[in-house]
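Participant: Got a predicted structure plus its sequence, pasted below:
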Amino acid sequence: MRISELAKIVGGTISSGAADIDIKDVAPIESAGPGAVTFLANGRYTKFLKETKASAVLVPPGKWESSAALIVVDDPYFAFTQVLQALFPLTLDQPEGIHPTVITGKDVSIGERVSIGPYGVIEDRVRIGAGTTIFPHTFIGRGSEIGKDCTIYSNVSIRDRIKIGHRVIIHSGTVIGSDGFGFAPKDGIYHKIPQIGIVVIEDDVEIGANCAIDRAALGETRIGEGVKLDNLIQIAHSVKIGAHTVIAAQSGISGSTVIGSRVVIGGQVGFVGHITVGDGSMFGAQAGVTKSVPGDRVYSGYPAREHRRQLKLEAGITKLPDLIKRVKELENRLKALAPEHHREAE
Amino acid sequence: MRISELAKIVGGTISSGAADIDIKDVAPIESAGPGAVTFLANGRYTKFLKETKASAVLVPPGKWESSAALIVVDDPYFAFTQVLQALFPLTLDQPEGIHPTVITGKDVSIGERVSIGPYGVIEDRVRIGAGTTIFPHTFIGRGSEIGKDCTIYSNVSIRDRIKIGHRVIIHSGTVIGSDGFGFAPKDGIYHKIPQIGIVVIEDDVEIGANCAIDRAALGETRIGEGVKLDNLIQIAHSVKIGAHTVIAAQSGISGSTVIGSRVVIGGQVGFVGHITVGDGSMFGAQAGVTKSVPGDRVYSGYPAREHRRQLKLEAGITKLPDLIKRVKELENRLKALAPEHHREAE
Amino acid sequence: MRISELAKIVGGTISSGAADIDIKDVAPIESAGPGAVTFLANGRYTKFLKETKASAVLVPPGKWESSAALIVVDDPYFAFTQVLQALFPLTLDQPEGIHPTVITGKDVSIGERVSIGPYGVIEDRVRIGAGTTIFPHTFIGRGSEIGKDCTIYSNVSIRDRIKIGHRVIIHSGTVIGSDGFGFAPKDGIYHKIPQIGIVVIEDDVEIGANCAIDRAALGETRIGEGVKLDNLIQIAHSVKIGAHTVIAAQSGISGSTVIGSRVVIGGQVGFVGHITVGDGSMFGAQAGVTKSVPGDRVYSGYPAREHRRQLKLEAGITKLPDLIKRVKELENRLKALAPEHHREAE
């Protein structure tokens, strides 16, 4: 792809250099060679601009010196993402067509341009939208619906009656629609509560590898539009996650908790069940959220508190050994000052 | 199923309303419609009883007003579980019979009414009890034994020589019998210790999705009768878990630790290796258990302490910034009171 | 195998007892019976030596009394590992040969003595080295390379262009090469950054069950020689792990973080992204590592600090309720001592 074409894709203008060179690769600015495009998003990397061997650099507006072609854009990092998407279509390694070993049940509906890899198992009444790609060894249970242009990687398990929107990506090993963890204790024994609800995954969601998203006991577990889940995440029964929330790896959300929209959750965070988390809130890694919290604030620690307050408490803890000494010293001084009072007080 | 039949199943009596209406659905009391049965277990929901459109409600003994048929039982929540089990048999979506693509090894013994989904791999000398259902893409290694009436979902891996009891449920993606994490360090290199032990899973155990239960180095890893494990749980080699213990998602138990019976463990809890946890103990979410603890108590925090003590320490931490100010003030007052003494003490 | 042969394998000398007995089993010293070999590594078990019914015991140099044959070695535990390796070859249950249901793409290269279990899917241009064993339902994506004498268990997903060295062991359910968690936020929506890098796994690495190792956005994620990963571990994009580092279950390493060599990491530990962890450092279970740390030290807690300091702070916390009382008492005494001063200070 020519530099001039890339400039068009990112809506940028070429401020210097040759526009007709072919771009075949992408690389970080410090190691990019001829034929590669790179970007300058962080001031710390400006020094590399002069000496880079890249053929093209995406730069923010400004005065720059470089032997590379410079494409001026408002947001070079985002523009670089657009370049990556143009140069490297999402599934480099996707299967093509429906492999003859795929087993499909009764009343299955499969759209145009669908690919399903070897040994896929598609049960009765499943519907798969046009342009969706499914990798090998994936299981889709009875009555589930997958939208258009989804990518489902290998060894994914989707149980029955699950609803998945358009352009959803699900990475390998993830399980969707496993039974929620619901038992009625009676005489010291846990009796299984049938989990007859479903899971709904809205459009443009991405779910990482080896996640577990449980179905609801009644009703639904719902992952909102544009939500991004990293790997090894636990979503319990009847959880609702609002649109455009992102959750980092190994976090877990307990049953019936409602997470708002545009929430940002770090890695290994835990939420107890039956709480509500406000829109736009943020949670530091390893936070333990034990009660409902309002939105648009930053939380951290265990139990999770507003981050500024948590920092203050942590600072207090670091002063503890010194504080203990100071209190001892005060006690000694006071004893020296008023020994009879001290005796009396004891 | 008629209301009168439901009443029989739960051992309840119909105190008002028509007993001959057909029940086809279940729903929460606030949203249930005609043809549905619901329940009243929590005082907060009493207000919905009058106006519910449900055809039947399971209620505790008492004076209730409702246009729905009322079935009086001692424990409405447990009765609702019984209704769910009656209306919705466990595997709505189970395969039927042994699919022709299932590969079975030599000397395999398969009981009556066993179903195995497409592409199952059952190795030599495996025994599967009557009434067990195995979903697609499941692997069962040499010499493993599965009891009667088990349900094993898709993409489960069961290695060789594993012993699984009756009525066990294993959700998708779970791995049973992977090698324990055992290495002998020598000259800075870790040498693998062959893990030749097994895993024993007793009757009525349920294991969630994407768990990992390692085999013992020697001897066995054992999950006791009626134990319930949520998703993404790690059970290391030679761990023993007593009967009717429940463990929430993403918790991990390190090698050779012995967990008692009727223990309740929250999410994301960790136990170090080689410790013993008493019967009937409870652990708050994200606790880190670093030593053996007696039973019938509640623990939380890191390092895990008795919960009441942990709460006191946490309350202390919240007072720290104030405490630091008060000590500074005491120092200043004492200095004003006895300046020469202060100089001396320095 | 005879006792004399075992002695040769471990480089030990038989100090007493019959050398020509056949050894068929291994067991702990307290429960070993005739025909079994066991070991004495820990002083606490010396009492069992006299009464053991084992046919042979590996002992350190010293004066011992036992009716079993005694094999004297410098390191009995390591010698026992060598015995285990000799008696129990690694994969007791491995498939033999390439099953006829294995699907292989174009230009696939498979070495001698390779075994691939039923329903394996090996895509175009994959290379598999001699002596490697792959269990059922495993997927290997386009252009990936697996070295010699590897063992890959069932339901493993290896995406495209992954490079795996020799003698690597990968347990069931693990995913290698899933997309890194990379998005460019723009106008409240997260836009996927194509993850076009790879994963490199060096020689003698072992990876547990249900782990997730993401590919790099650009460049590579790299797991160094001899690294041992336990189950359910998250390795994010562009992480580098140095040689002979071991990581216990459920730990997670965020994007671009560099872990040194010979690092020891406990269970459920988290590392933030873009930090560097020195060689030979150690991390206690559940630590939360929030910044770069130098090597050859022990860290614990959240935020992770040097372990000795962390212990001091934890000790301080346990004294907090008492400290609060003492400060209150000091305030009361001072008030009694100088009431007018107190009023003034308020």
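Facilitator: Looks like it arrived, so ask away. Residues are numbered from 1 along each chain as shown, chains lettered A, B, ... in the order given.
Participant: right, and residue A:77 touches residue A:41 too?
Facilitator: Yes - with contacts counted by C-beta atoms under 8 Å, residue A:77 reaches residue A:41, the gap being 4.1 Å. All C-beta spots, glycine's among them, are computed from the backbone N, C-alpha and C.
Participant: which residues sit against the longest helix seen in chain A?
Facilitator: Counting by DSSP state H, the longest helix found in chain A is helix A:320-337. The set of residues external to helix A:320-337 that reach it, using C-beta atoms under 8 Å, 6 or more residues apart in numbering or on different chains, is A:342, B:320, B:323-324, B:327, B:330-331, B:334, B:337-338, B:341-342, B:345, C:312-313, C:316-317, C:319-320, C:323, C:326-327, C:330, C:333-334, C:337.
Participant: Buried among these? Make that a PyMOL selection.
Facilitator: The PyMOL selection below is limited to those of the contacts of helix A:320-337 classed as buried (16 or more other C-beta atoms under 10 Å in any protein chain shown):
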select buried, (chain B and resi 320+323+324+327+330+331+334+337+338) or (chain C and resi 313+316+317+319+320+323+326+327+330+333+334+337)
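Participant: what residues does the stretch 101-250 of chain A put near chain C?
Facilitator: Residues of the stretch 101-250 of chain A lying close to chain C by C-beta under 8 Å from any C-beta of the partner chain are A:101, A:117-119, A:135-137, A:153-155, A:169, A:171-173, A:206, A:208-210, A:226, A:228, A:230-232, A:244, A:246, A:248-250.
Participant: So which of the residues you listed reach chain B?
Facilitator: Checking those against chain B (C-beta under 8 Å from any C-beta), the matches are A:119, A:137, A:155, A:173, A:210, A:232, A:250.
Participant: Need the max-distance pair from those residues.
Facilitator: Greatest spacing in these, by C-beta to C-beta: A:119 and A:250 (29.4 Å).
Participant: Who has more neighbours out of those two?
Facilitator: residue A:250 (32 against 27; other C-beta atoms under 10 Å in any protein chain shown).
Participant: how close does that one sit to residue C:128?
Facilitator: Residue A:250 sits 31 Å away from residue C:128, taking C-beta to C-beta, to the nearest Å as the criterion.
Participant: Give me the below-cutoff pLDDT ranges for the stretch 1-150 of chain A.
Facilitator: Low-confidence segments of the stretch 1-150 of chain A, defined by pLDDT under 70, are located at A:89-95.
Participant: Tell me the residues on it that lie near chain B, please.
Facilitator: Counting by C-beta under 8 Å from any C-beta, the stretch 1-150 of chain A comes close to chain B at A:103, A:119, A:121, A:123, A:137, A:139, A:141, A:142, A:143.
Participant: Can I take it that the last one is in a strand?
Facilitator: Yep, that's residue A:143 we're talking about. No - counting by DSSP: H, G, I helix; E, B strand; the rest coil, residue A:143 falls outside a strand, being coil.
Participant: what about it, how many residues close to it?
Facilitator: With other C-beta under 10 Å as criterion, residue A:143 counts 20.
Participant: Check residue A:184 and give its pLDDT.
Facilitator: If you check residue A:184, the pLDDT there is 90.
Participant: burial count for residue A:106?
Facilitator: As a measure of burial, residue A:106 has 9 neighbours, counting by other C-beta under 10 Å.
Participant: residues contacting it?
Facilitator: A:124, A:125.
Participant: That one in helix, strand or coil?
Facilitator: The local conformation at residue A:106, judged by three-state DSSP, is coil.
Participant: hang on, the earlier thing: let's have the ones next to chain B among the residues of the stretch 101-250 of chain A next to chain C in TSV, adding secondary structure.
Facilitator: Shown next, in TSV, are these (three-state DSSP):
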residue	secondary structure
A:119	coil
A:137	coil
A:155	coil
A:173	coil
A:210	coil
A:232	coil
A:250	coil
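Participant: Mind picking the one among the residues you listed that's closest to residue B:287?
Facilitator: Nearest to residue B:287 among those, with distances taken as C-beta to C-beta, is residue A:250, at 16.6 Å.
Participant: Might you report the residue contacts of that closest one?
Facilitator: Contacts of residue A:250 (C-beta under 8 Å, 6+ apart): A:230, A:231, A:232, A:233, A:267, A:268, B:250, C:234, C:250, C:252, C:270.
Participant: let's see 6 Å
Facilitator: By C-beta atoms under 6 Å, 6 or more residues apart in numbering or on different chains, residue A:250 lies in contact with A:232, A:267, A:268, C:234, C:252.
Participant: Over to residue A:268?
Facilitator: Contacts for residue A:268 (C-beta under 6 Å, 6+ apart) come out as A:250, A:285, A:286, C:270.
Participant: repeat that with 8 Å
Facilitator: Residue A:268 makes contact with A:248, A:249, A:250, A:251, A:285, A:286, B:268, C:252, C:268, C:270, C:288 under the criterion C-beta under 8 Å, 6+ apart.
Participant: So which of those wins on neighbours?
Facilitator: Counting neighbours by other C-beta under 10 Å, the top entry in the contacts of residue A:268 is residue A:250, with 32 neighbours.
Participant: For that residue, give me phi and psi.
Facilitator: The phi/psi pair for residue A:250 (degrees, to the nearest 10) reads phi 70, psi 10.
Participant: Model confidence for it, exactly?
Facilitator: 98.
Participant: now residue A:241: how far from chain B?
Facilitator: Computed as C-beta to the nearest C-beta, to the nearest Å, the residue A:241 to chain B distance reads 16 Å.
Participant: contacting residues around that residue?
Facilitator: A:222, A:223, A:224, A:227, A:235, A:247, A:253, A:259, A:263.
Participant: again, 6 Å this time
Facilitator: Residue A:241 neighbours (C-beta under 6 Å, 6+ apart): A:223, A:224, A:227, A:259.
Participant: who's the last one bridged to?
Facilitator: When you say that, I think you mean residue A:259. residue A:241, residue A:277 (DSSP bridges).
Participant: Give me the distance between residue A:45 and residue C:319.
Facilitator: 49 Å.
Participant: thought residue A:279 was touching residue A:295?
Facilitator: Yes - look at residue A:279 against residue A:295 with C-beta atoms under 6 Å: they come within range, at 4.2 Å.
Participant: Residue A:147: what's its closest spatial neighbour, skipping adjacent residues?
Facilitator: Among residues not flanking residue A:147 along the chain, residue A:166 sits closest, at 3.7 Å (C-beta to C-beta, 6 or more residues apart in numbering or on different chains).
Participant: pLDDT wise, what is that neighbour at?
Facilitator: 98.
Participant: same deal with the one 10 residues further on?
Facilitator: Residue A:176 is assigned 98 on the pLDDT scale.
Participant: Give me the number of neighbouring residues for it.
Facilitator: 28.
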